[in-house]
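S.K.: Sequence and computational prediction follow.
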Amino acid sequence: MPRSPHSYTAQAIVASPLGDLRLARTPLGLAGAWFIHGTKDHPGPLNDVPDTPGDALLLQAAYAFEQYWHGRATSFEVPLDLLGTPFQRAVWKTLLTIPFGTTRSYGDIARQLGQPTAAQAVGMAVGANPLIVIVPCHRIIGHDARLTGFSSGMPRKIDLLQREGLRIEGEFVREPGTAQSTLFDDNTGASR
């Protein structure tokens, strides 16, 4: 489980094109990045944590976000402190391996972890991700390329995927260079 707010040593609010973000750190690294409004799992005000916008690590994280928003970075080079259960941390570390502009399914992550039947548990861990955008849970979609839930809202997920060059066609995500499937994919005229 995530540590109590007392584990955080500093916090800051930074602006983003998708709404203000609260960043929180521990002595080991950045441990939280949440949209302040419209996020299901936002911890709320961290009243006991000093508001320290001049903290070096928080400034580094804010700069990394700025580079991402302006299309000048595809990953975040910030020390992280992943606060969660061992399984959650394993899932989040696996999410960090998903390249910019690509997607994976819950099942893909479960198989990568060597637990092919754990797709639902992976989904729960993905939904509890405390480092929005940095740990790219927005890159997780359904096995059939459908958009799936996002703790910070579907409009934000769509925006993030589009920023990374992915196309949204209805409720489906298309990576660059992929064709939209049709009812007559096999050229025989027989529908699926």
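M.R.: Thanks, I have it.
S.K.: how about the residue nearest to residue 71 when sequence neighbours are not counted, what does it touch?
M.R.: Excluding its sequence neighbours, the residue lying closest to residue 71 (CB to CB, 6 or more residues apart in numbering) is residue 163, at 7.2 Å. C-beta here means a position set from N, CA and C on the backbone, and glycine is covered the same way. Applying CB atoms under 8 Å, 6 or more residues apart in numbering, we find residue 163 in contact with 68, 69, 71.
S.K.: got it, and residue 99?
M.R.: By CB under 8 Å, 6+ apart, the neighbours of residue 99 are residue 74.
S.K.: Which of the contacts of residue 163 fall in helices?
M.R.: Of the contacts of residue 163, the ones assigned to helices by DSSP state H are 68, 69.
S.K.: Can you say which of the contacts of residue 163 are buried?
M.R.: Neighbour-count burial within those applies to residue 68; the criterion is 16 or more other CB atoms under 10 Å.
S.K.: Pick out whichever of the contacts of residue 163 sits closest to residue 92.
M.R.: Of all these, residue 92 sits closest to residue 68, with 17.6 Å by CB to CB.
S.K.: ok, the closest one touching residue 76?
M.R.: Yes: with contacts counted by CB atoms under 8 Å, residue 68 reaches residue 76, the gap being 7.0 Å.
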